[in-house]
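**Student:** quick one: sequence and predicted model below, then my questions.
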Amino acid sequence: QLTAQRSLRSVAEERVGKRCGNLRVLNSYWVNHDSVYKYYEVILVDPFHKAVRRDARINWICKPVHKHRENRGLTSAGKANRGLRAKA
């Protein structure tokens, strides 16, 4: 039996990142599910907002190297799919 390589949460992050290209995907979490779909809420950050740029805790995401983190597996869901969450 074949299994998916990536979780539905990771796929949802990528779809939102493609749709909202000017925002950065920070993380996501499960919200609900029904018999057909699973629903995830994706947290997006506007890297050009002044409040984000001035806040020392979150302004790391404004750097150009963090563009499309969801496509490269750098969010929490992406790291889990790449096997980086397992305890050594």
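**Tutor:** Thanks, I have the structure now.
**Student:** and the helix or strand hosting Ala77, what does it pack against?
**Tutor:** Assigned by DSSP states H and E, Ala77 belongs to helix 76-81. Here helix 76-81 touches helix 8-19, strand 24-33, going by 3 or more C-beta pairs under 8 Å, 6 or more residues apart in numbering; DSSP states H and E. No exception for glycine: its C-beta is placed from N, CA and C like everyone else's.
**Student:** tell me which residues in that helix are buried?
**Tutor:** The neighbour-count check on helix 76-81 (16 or more other C-beta atoms under 10 Å) flags Ser76, Ala77, Gly78, Ala80, Asn81 as buried.
**Student:** I'd like the distance between the fourth one and Phe48.
**Tutor:** With the distance defined as C-beta to C-beta, to the nearest Å, Ala80 ends up 29 Å from Phe48.
**Student:** cool, the second one as well?
**Tutor:** Ala77 sits 25 Å away from Phe48, taking C-beta to C-beta as the criterion.
**Student:** got any ranges where this protein has weak pLDDT?
**Tutor:** 87-88 (pLDDT under 70).
**Student:** change it to 50
**Tutor:** Scanning the chain for pLDDT under 50 picks out no residues.
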